[in-house]
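S.K.: Quick check, what structure comes out for this input:
(chains A and B)
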Amino acid sequence: MAGGGGRVIRVLNVAEKPSVAKAVSGILSKNQPGGMRVRDGRSRYNKIFEFNYTIRNQPCQMLFTSVTGHLMELEFDERYRKWHSCDPLDLYNAPVRKFVPEDKLDIKRTLEAEVRSCQWIVLWLDCDREGENIAFEVLDVCRQANHNLNVWRARFSALIDREIHQSVQTLVQPNQLFSDAVDVRQEIDLRIGASFTRFQTMLLRGAFVLDFATDDRNIVLSYGPCQFPTLGFVVERYWEIQAHEPEEFWTINCTHNSDEGTATFNWMRGHLFDYTCGVTIYEMCIQEPIATVTKVKQQEKLKYPPHPLSTIELEKRASRYFRMSSEQTMKVAEDLYQNGFISYPRTETDSFSEKTDLRTMVQEQEGHPVWGIYAQRLLDPQSGLWRNPSGGGHDDKAHPPIHPTKFSAGETRWSQDHHRVYELVVRHFLACVSQPAVGAETIVEIDIAGESFSACGRVILAKNYLDVYRFESWGGSVIPTYSFGQQFTPTTLTLDSGVTRPPPLLSEADLLGCMDKAGIGTDATMHDHIKKLLDRFYAIKDSNTRFSPTKLGEALVMGYDDMGYELWKPYLRAMMECDMKAVSIGTKRKVEVLETCLQQMKACFSDARTNKGKLLEAMAIFFERSNRSSGGEQQAVGDVVRRCGLCLESDMVLRQKPDGNFMVGCLGYPQCRNVVWLPGSVSEASVTENTCTSCSPGPVFKIQFKFRRLEIPPNYSVQHLGCIGGCDDILRQLVEICGTGSRNNSNTSGRGRGNPTASSSAQRGNSRAQSSCAYCRQTGHLSNDCPSQASRGRTARAQEVDNGESSIPCNSCGAPCILRTANTANNRGRKFFSCQSQECNFFVWEDNLNGGRAERANTSASTSSGRGGRGRGRGRGQSGAHSSNVSFVSATGEPITGRCFICGDPGHFANVCPRRG
DNA sequence: GCAAGGTC
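M.R.: Here you go, the predicted structure:
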């Protein structure tokens, strides 16, 4: 590797964080002539250490600096950065680039400046996949500044002298495959996260009144491959609790008092759900109540101290013992680390290296007023209290378990949480080098009329580690002495009932456990994902530090669940993790994994968007519809016609407005209001692949139009391939003749149309638009009078049981609605109208019609002819077909079909499920 | 204004 002797070379060493640069420099510079010098770089945190060292006989002048985690970020090209700049689906193919963000430029400049004078670079990044990726980021920057670099990677598993010296003498090459795996993760996370976040935010934010937010216009409904499964755990448990049906059970209890005390015997059958069975056995016991001792077993039991402390355990225990949030725990731990009191707090490692000098660490604690005496006992060989710690089998190869690094009896600037975390770290450390607690356990089994019962007694012989680990206890109870074959009459023998209980809501420790098990997040990020749920209003933490979903969190999960997707389950992440592993060991190639995964996710995204009705339905269960003109996402999607010539940033897309009219609008709306209105007589329009040869800037894609025959003059053709770039005379003439669907010219266009009987014109006028219902969008009534509101909030659920004689015209399609009687638990006997048409699922409670019936009937009559096929096109088609399930009407007036996710019954939804309690 | 991953 190195040349022998002679010329001194300069070596730039780079660590992942300042603390490692300092620690490694300290180790390598020890006993070196000239010692270690420190100077500032451009970044105030990342110092540069200088010392001399010899690597395999090559004298080196070492420069040692650091980065702070990733040096680069992945982002979409500028063109796709703005939310309205493109269809979110495009984010699966949009070009991405890696760049050094503003706040890391100082570090980049330091590296560039220092590497120019060096011949070698040694990468001391953490020895995990992320570390390897950061190594390549550093390399990228350094190679651009110095093309003739000799590149080396140092592999070390702990910051201890022997390891460090050994690793610098056995330098290796950086591992491209490890880095590739991280590239894959980054790109997938970015594309999935951004596309789904934009999609669901734009779809739902304006469409519902999000009553938890002061200004819901700024709220972001984010989606991420880690945050959503985390939410999924919370929702799943919540549903499990709601679905729980308490069940009564029966059990036989037996106690026996003697001079020595009381023994409680448990029935070895546990409990029975069958009362008759329970009573029968109980009666048998009562008739022959003499108990015979069939077994007496005495044994020594050990209760072991915990494994050395990893990050997750620290978070879990601080939550359990002090009710601290994982986020706060990490904040405090970071501060203690920065000030030298504890070791690096982000580690998976839960076993100490054999070389660690544990006794010196214990020694440091001997002077503590509370646990100092315990530390002294530990070091006293006479006490026999010492035990080499057992490992939990995890090792991140970069950091030791969390342990105290400096003695403190408490600092004045410390908060209560600082005291708690430091105390936990120290006591935990002292506990894991201690002997386990020892107990003597006695198990006694008895027989009464052929039924077996058992009792357990425990005496603690030596508390050992429990003396210092005050957070744990070991309950013990003394029972009288029994001998084999002994007979006695029980003091009590009772048949008791109980009911099964649902599991509790997830605690923070539970949640961390779920995430850890499913591989969601890393030790350094788990608390971030939990906090994100709270910040995004997806979940709340109650006073008992247990998590439950908010309405928003539940609705989102329910929406995706109803689609049949498991986007809220941990499987996606697990699959990604599996693929990353394959990339890192070279069994799969980076490009192939990226391509496959993104292709699948793109299809999934596309599919989810087609099924967005499910998300809307789920949201409608929990939230009021908003009156704001929204459904931003619904309107935002359309085929691109051209680049916007006004803002020059976004695309212009062809859209059909809710009233049926077509327009070409800029996706930059509302920042950019560029719009081209199309003739009101267009019945169909679609963007083709033909481009206009005369309009610029191009390309301007031509649109295939179909006009309504009766609304255009006879000398114009019904079919027309047109251009909106300004060159198309026919289109311009038809706009003049027929008008457009815009609000501004609707009155004049109405006049110019010359065909007052045309159905579309009746709905297009501004005055009519204002009097249309905000919920069902029909004219003739306002939202406060909307008949479909009867079923909003999912309180109206009906199953028809008889054919009625009365009927009204359907408010939706005009067909007759027949009066029927409901037969559900909540609404038995209540009358409702339901549409007869096979195509329509309109439904309204009779008692909600009140005085509005006549008006509704008129409205229906007048609009039914006008709505025709076009009205139906607005989203009715996808869920309008009759199914074997019972159908309902949502807040929008659209039919919903489905079934309860709790019990599976197609007759109702989960919010009214009787099992929900 | 979107993700998750480093770390200050």
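S.K.: Which other helices and strands does the biggest helix by length in chain A contact?
M.R.: Longest helix in chain A, counting residues (DSSP state H): helix A:176-204. Under the contact criterion of 3 or more Cβ pairs under 8 Å, 6 or more residues apart in numbering; DSSP states H and E, helix A:176-204 touches strand A:73-76, strand A:96-99, helix A:129-145, helix A:571-585, helix A:590-610, helix A:612-622, helix A:632-636. The C-beta positions use only the backbone N, C-alpha and C, and glycine is treated the same way.
S.K.: could I get the ones you listed as TSV with mean pLDDT?
M.R.: Putting these into TSV (pLDDT from 0 to 100) gives the following:
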stretch	mean pLDDT
strand A:73-76	96
strand A:96-99	96
helix A:129-145	96
helix A:571-585	90
helix A:590-610	94
helix A:612-622	95
helix A:632-636	44
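S.K.: export those to TSV and tack on mean neighbour count?
M.R.: Listed next are the helices and strands packed on helix A:176-204 as TSV, based on neighbours: other Cβ atoms under 10 Å:
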stretch	mean neighbour count
strand A:73-76	16
strand A:96-99	13
helix A:129-145	21
helix A:571-585	18
helix A:590-610	16
helix A:612-622	22
helix A:632-636	20
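S.K.: need those in TSV with distance to residue A:82, can you?
M.R.: Putting those into TSV (distance: least, Cβ to Cβ, whole Å) gives the following:
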stretch	distance to residue A:82
strand A:73-76	10
strand A:96-99	15
helix A:129-145	26
helix A:571-585	27
helix A:590-610	19
helix A:612-622	22
helix A:632-636	12
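S.K.: Skipping its backbone neighbours, what lies nearest residue A:720 in space?
M.R.: residue A:705 (4.6 Å; Cβ to Cβ, 6 or more residues apart in numbering).
S.K.: That neighbour is in what secondary structure piece?
M.R.: Using DSSP states H and E, residue A:705 falls within strand A:701-707.
S.K.: could you point out which element follows that strand?
M.R.: strand A:719-722.
S.K.: Who are the packing partners of the next helix or strand after that next one?
M.R.: As assigned by DSSP H and E, the chain's next helix or strand after strand A:719-722 is helix A:729-738. Here helix A:729-738 touches strand A:719-722, helix A:746-753, going by 3+ Cβ pairs under 8 Å, 6+ apart.
S.K.: Mind telling me which of these the model trusts least?
M.R.: Among the helices and strands packed on helix A:729-738, helix A:746-753 carries the lowest mean pLDDT, a mean of 28.
S.K.: DNA strand B contacts on the stretch 101-250 of chain A?
M.R.: Residues of the stretch 101-250 of chain A lying close to DNA strand B by Cβ under 7 Å from any atom of the strand are A:103-104, A:126, A:128, A:130, A:185-186, A:189-190, A:192-194, A:197-198, A:201-202, A:205, A:218, A:220, A:222-228.
S.K.: sorry, back to before: can you give me how far the longest helix of chain A is from the chain middle?
M.R.: 13 Å (Cα atoms, centre = their mean, to the nearest Å).
S.K.: Please apply the same query to stretch A:540-551.
M.R.: Distance of stretch A:540-551 from the chain centroid (Cα atoms, centre = their mean) equals 15 Å.
S.K.: Since that was my last question, I'll sign off now.
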